[in-house]
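In: kindly return the folded structure for what I paste below:
(4 chains)
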Protein chains: 2
Amino acid sequence: MLQDMPTLTDVAKLAGVSEITVSRVVRNKGPIADATRTRVLSAIEKLGYVPNRAAGSLASSGSQLMGVLLPSLSNIVFPEVLRGIHSALASTGYQPLIGVTDYDLKTEQGIVSSLLAWQPAAIIMTGFDHTDATRRMLANSRVRVAELMDIDADPIDIAVGLSHRRAGFDAGRHLISRGYRRFGYVGHDWDADRRARLRYEGLCTALAEAGLTLEAEQRFAGPSSTIAGRDTLAAMMAKNPTIDVAVFSNDDMAVGGFFYCLTAGIAVKEKLALFGFNGLDIGQSLPMPLSTVRSNRFLIGKIAVEKLLESGERPTEKQIIDTGYEIVAGATA
Amino acid sequence: MLQDMPTLTDVAKLAGVSEITVSRVVRNKGPIADATRTRVLSAIEKLGYVPNRAAGSLASSGSQLMGVLLPSLSNIVFPEVLRGIHSALASTGYQPLIGVTDYDLKTEQGIVSSLLAWQPAAIIMTGFDHTDATRRMLANSRVRVAELMDIDADPIDIAVGLSHRRAGFDAGRHLISRGYRRFGYVGHDWDADRRARLRYEGLCTALAEAGLTLEAEQRFAGPSSTIAGRDTLAAMMAKNPTIDVAVFSNDDMAVGGFFYCLTAGIAVKEKLALFGFNGLDIGQSLPMPLSTVRSNRFLIGKIAVEKLLESGERPTEKQIIDTGYEIVAGATA
DNA sequence: CTGTTAGCGCGTTCAG
DNA sequence: CTGAACGCGCTAACAG
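Out: Below you'll find the predicted structure:
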C-alpha cells in the first residue's frame, strides 16, 4: 500500500553501510559504533524511512503485536480494561490488535485464528470459556495467553482478575452485617455474563450461611444497562414491595435502580437499600454515592500486559494474579 | 512465535496441487474447480493450517489491517465510535489496529508511523489537527484516510461527522425559542477538545444574533466527567444564581449538573434548565430525560469504514459526509 | 482452470 | 564492531 517507500537497502546505501547495520540501529540491537549510528540515523531521517513490519515479522517469525479479545465494547468495563492494556503497552512498542467476540465462542475462535495469523507476542482474552478448537490453536502456538477478569477457574497460562464468587459472598456478608434481611436480586442476562452469575452464587451462599434466602429475584433478558436496571427494579417492587435491599448484577443496573427510586419516591436506604458491582464513576457521582464493590479494571489490563511481557517464553507454570476488590460502603446501603 | 505451523507448501503437498492453487482457495480468488477446492479445504482442515499474514502482506504489499487512532478511551464516545468501526469491519476480514493519542499530536505522529509500518488498507483518525510530519507521512503513503467526528474543516481524504458549530448554534436557537434568556455555560478543558469549543462558538453566535450574551461561564480545567459537571455547575451557581439555563459541554457534564440540582434542591427546568450534548443513554435514563443534541457516534464509525472500503484506491476527490444530529427535547429544558 | 518463476524487505546465521 | 548469504511464507505476473 505504500508507494515505493524507502527500504533498508536505500538507507544502507545512503549511509554507506550494509543493510544489517541499519537493521541493528533500527532495532537497537547489537554493538554499533556511535559514529555509524549517527550516520545511519541521519540517513533514516533524510529518507523518511519506516521499517516494514511485515517483512520483519516474516524474517523473525514474531511480531510486536498483542492480540486483544474483548467480549463487547458496549459495556464500559471493557474499554477500561483496554485502557489499562494500552497504558502498559504504550512504552513498549507493542501495538494492540483487537477483536470483539460479542460473547460468542465461535466468533472468538475465528478471531483467535486471524490474530494468530499475525504471530502476535501474546494474546489477551476474557474469561475461561473457549471452544476446544480455540484451545487447540492456542496450545499449538507458542503465544502466551492471559485470561482476564476472573480467577475462579483454571487458566491456560495466566489469569488476572478477581474472584467474583468471593466478591458476591463478601457483598452478602457486608449487607447482612448492616442489618439487611429481606434481599432482592436484580440481574441481567447471565448466559453471556458468567461472572455476574458467580457473584450471584456467592451472594446466595452468604445468605444461606446466615439462614436467609433471596425473597425476590428479577432478571432482565438482555445486556445490563441503566434503563434495564430501572425497569427491572420497578417490576420486582411491583411484585415484592417488602424487600429491604436490592442487590444488582452491576453498577449500571444499580444506577437505574436509583433513578427508579427517585421517580417512585422511595427513600433509598431507609426504605430500600441499593447495592451494585464495579465501582463505576457514575455510581460514585450520584447524589448518594452508590454502595458497591470496586473492581480494578484498569489494573487488570495493565498487569496482564506486564506479566505477559515479563518473559519472552511461554510460562512453565500457570499463574493466577488476584487484583482484588474492595467493598465501597457508599450511602445507598 | 508459532512452532512449525504448517505452511502453504505443506497443504499443497497433501492436496497434491501447487502452492498458488492453495493460495487462491484460501483467498477465494481466481477460478478454482470445485473438486480441487474441496481437496484443498480438507487438507487445510486436516493440518490446521493458518495462513501467515505477515508473509502475505509482504508479498502483496498490503494488509487486511485498518489503523484506528482514537484520542482517548476514557470518554465513552470513542468506544462507541470504535463499536461502529468494528461492526462494519466484522464481515470483511479486516482487523482494527488501534492506537490512542491522548490528544497529543506528537503521540499521534508516532502512532501513525508505526501503523504505516504494517501497510494498513486505511487509517481512521479523529479531528483535523495533525503535525506537518504526520501529514507528510500520510501523503507519501497510499493509504486512504478518514477523519472522524467533525466536518468543520478541510479533510485529507474523507471526513465523517457533524458540524459542531452548527449543532451549538441550533442548540442556542432551540433554547431561545423555548423562552430562555439568561444563559450560563459549563464546560471542560477545550484545548484538547476542539469540538466542544466549536459548539461553544456556535452557541455564542446564536445568542449574539438574538441580542443576548452568556451571563455566566465556568470551565473545569480537566477532562469532562459527571463529577466535574456537578462541581462546576455548583461553582457557577454560587457566583451567578440568576441564570435560567445551563448549557453543558456534553452529557457527562450535564448529568453531573442534574445531580447537583437534586442535591441542592434546585427544581430542574422550572428554576434552572439543563442542556447537554451527545444523547448518551445515561442522560436519557435520568428521572427527567436530559435535553440534548444526539450525535451518531456508532454511525460515524460505521460509515467511515464503509466509505473507506468502497474503493481500493485513494479517492481523487475529498469527501465530506454529514451524519447529522438531532435536538432531543427531553425534560430538563 | 492450474502451474512456474521470481521476488517482497527484513533478520538470522556465521564469518571476519 | 561489521558484513554476506540465505530464506522466512506468500503472491503477482505471466504462461499454459
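In: how about A:Ile266: what's its closest non-neighbour residue?
Out: Nearest residue to A:Ile266, sequence neighbours excluded (C-beta to C-beta, 6 or more residues apart in numbering or on different chains): A:Leu272, at 5.3 Å. C-beta coordinates here come from the backbone N, C-alpha and C atoms, glycine included.
In: and the pLDDT at the one you found?
Out: Note for A:Leu272: predicted pLDDT of 98.
In: correct me if wrong: it contacts A:Leu262.
Out: No: A:Leu272 is not in contact with A:Leu262 according to C-beta atoms under 8 Å; the separation is 11.6 Å.
In: out of these two, which sits in the busier spot?
Out: A:Leu272 (23 against 17; other C-beta atoms under 10 Å in any protein chain shown).
In: what mean pLDDT would you report for the longest helix along chain A?
Out: With secondary structure taken from DSSP state H, chain A has its longest helix at helix A:194-209. Taken as a whole, helix A:194-209 carries a mean pLDDT of 97.
In: check stretch A:240-255 too.
Out: Mean predicted lDDT for stretch A:240-255 stands at 97.
In: what do you get for stretch A:106-123?
Out: Confidence for stretch A:106-123, expressed as mean pLDDT, is 94.
In: that stretch vs chain B: in contact?
Out: Yes: interface with chain B: stretch A:106-123 contributes A:113-121 (C-beta under 8 Å from any C-beta of the partner chain).
In: contacts for that stretch?
Out: Contacts with stretch A:106-123, where a contact means C-beta atoms under 8 Å, 6 or more residues apart in numbering or on different chains, come from A:57, A:61-69, A:94, A:97, A:99-101, A:125, A:130-131, A:133-134, A:137-138, A:141, A:143-146, A:308-309, A:312, B:1-2, B:50-54, B:93, B:95.
In: if I look at A:Ser297, how far off is chain B?
Out: Let me fix one detail, which is that residue A:297 is Arg and not Ser. The gap separating A:Arg297 from chain B is 11 Å, by C-beta to the nearest C-beta, to the nearest Å.
In: that residue against A:Ile85, yeah?
Out: No: if you go by C-beta under 8 Å, A:Arg297 and A:Ile85 don't touch, sitting 10.3 Å apart.
In: please say which of the two ends up with more neighbours.
Out: Neighbour totals were compared for A:Arg297 and A:Ile85, and A:Ile85 leads with 28 against 24 (other C-beta under 10 Å).
In: burial count for the closest residue to that one other than its chain neighbours?
Out: Leaving aside its chain neighbours, A:Ile85 sits nearest to A:Gly301 (3.9 Å; criterion: C-beta to C-beta, 6+ apart). A:Gly301 sits with 30 neighbouring residues when counted by other C-beta under 10 Å.
In: same deal with the one 4 residues further on?
Out: Residue crowding around A:Val305 was assessed by other C-beta under 10 Å; the count is 25.
In: just how off-centre is the helix or strand hosting it within its chain?
Out: According to DSSP states H and E, A:Val305 maps onto helix A:297-310. Chain-centre distance of helix A:297-310: 10 Å, with C-alpha atoms, centre = their mean, to the nearest Å.
In: that helix packs against which elements?
Out: Applying 3 or more C-beta pairs under 8 Å, 6 or more residues apart in numbering or on different chains; DSSP states H and E, one finds that helix A:297-310 makes contact with helix A:77-89, strand A:122-126, strand A:144-150, strand A:158-162, strand A:319-322.
In: need the contact list for the residue nearest to A:Ile266.
Out: For A:Leu272, counting by C-beta under 8 Å, 6+ apart, the contacting residues are A:237, A:243-246, A:261, A:266.
In: before we move on, what about A:Ser163?
Out: Contacts for A:Ser163 (C-beta under 8 Å, 6+ apart) come out as A:150-152, A:198, A:322.
In: before we move on, the earlier item: among the residues of stretch A:106-123 next to chain B, which ones are in helices?
Out: Among the residues of stretch A:106-123 next to chain B, the ones falling in helices (DSSP H) are A:113-116.
In: returning to what we had before: which among the contacts of stretch A:106-123 count as buried?
Out: Neighbour-count burial (16 or more other C-beta atoms under 10 Å in any protein chain shown) is assigned, among the contacts of stretch A:106-123, to A:57, A:61-69, A:94, A:97, A:99-101, A:125, A:130, A:134, A:137-138, A:141, A:143-146, A:308-309, B:1-2, B:50-54, B:95.
In: all good on my end, thank you.
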